[in-house]
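Chemist: here's a sequence, model it:
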Amino acid sequence: MSAGLQCISIPTTDTFTVAGLDAPRFQDFLGRCQGRGVYLKWFGNREAKGYTSLSEQWHYMHDPHTPPQTFMTLERLCDMRIPLGLGVQDCATIAEIIAEELSAADAARDIVPSETGD
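Modeler: Numbering: from 1, shown residues only. This is a model prediction of the structure:
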């Protein structure tokens with residue numbers, strides 16, 4: 001299965017899921033985007049950060065749990081705040097960066113480390 005995005009657009013945010021990446025490649029994707037100035041919030045992070053969290057992190061609930069189907073969605077759900085002042089070209093550049101880094105993370109699965117460490 002190749003990596004891909006399914007976009008859910010909301011006026012000041014872009015929420016999308018990333019499919020086809022295992023956990024290390026997904027973390028690499030997030031880090032590479034951030035390294036290029038595109039900060040994505042990840043709902044499936046094991047630690048609550050800002051507004052992203054799993055119900056297990058909701059300590060005010062008596063019996064918090066995330067149903068399996070919900071967890072599978074949150075596991076690769078990303079969100080990016082979009083300032084209202086961004087122009088169409090700015091948004092196109094951000095989309096290009098995300099697509100390039102997704103492609104790079106997906107291609108990493110084809111790289112097999114050599115046994116000699118080269």
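Chemist: what sits against the residue most central in space within the chain?
Modeler: Closest residue to the average C-alpha location of the chain: C78 at 4.1 Å, with CA atoms, centre = their mean. Taking CB atoms under 8 Å, 6 or more residues apart in numbering, we find C78 in contact with T15, F16, T17, V18, L30, L40, K41, W42, F43. Where you see a C-beta, it was placed from the backbone N, CA and C, and this is true even at glycine.
Chemist: for this structure, which segments count as helices?
Modeler: 23-35, 68-74, 88-107 (DSSP state H).
Chemist: quick revisit: redo the contacts of C78 as JSON lines? Include distance to P68, pLDDT and neighbour count.
Modeler: As requested, these are exported to JSON lines (distance: CB to CB, whole Å; pLDDT from 0 to 100; neighbours: other CB atoms under 10 Å):
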{"residue": "T15", "distance to P68": "21", "pLDDT": "84", "neighbour count": "15"}
{"residue": "F16", "distance to P68": "21", "pLDDT": "87", "neighbour count": "18"}
{"residue": "T17", "distance to P68": "16", "pLDDT": "87", "neighbour count": "18"}
{"residue": "V18", "distance to P68": "19", "pLDDT": "89", "neighbour count": "24"}
{"residue": "L30", "distance to P68": "23", "pLDDT": "92", "neighbour count": "21"}
{"residue": "L40", "distance to P68": "24", "pLDDT": "92", "neighbour count": "19"}
{"residue": "K41", "distance to P68": "22", "pLDDT": "86", "neighbour count": "17"}
{"residue": "W42", "distance to P68": "19", "pLDDT": "84", "neighbour count": "19"}
{"residue": "F43", "distance to P68": "15", "pLDDT": "80", "neighbour count": "19"}
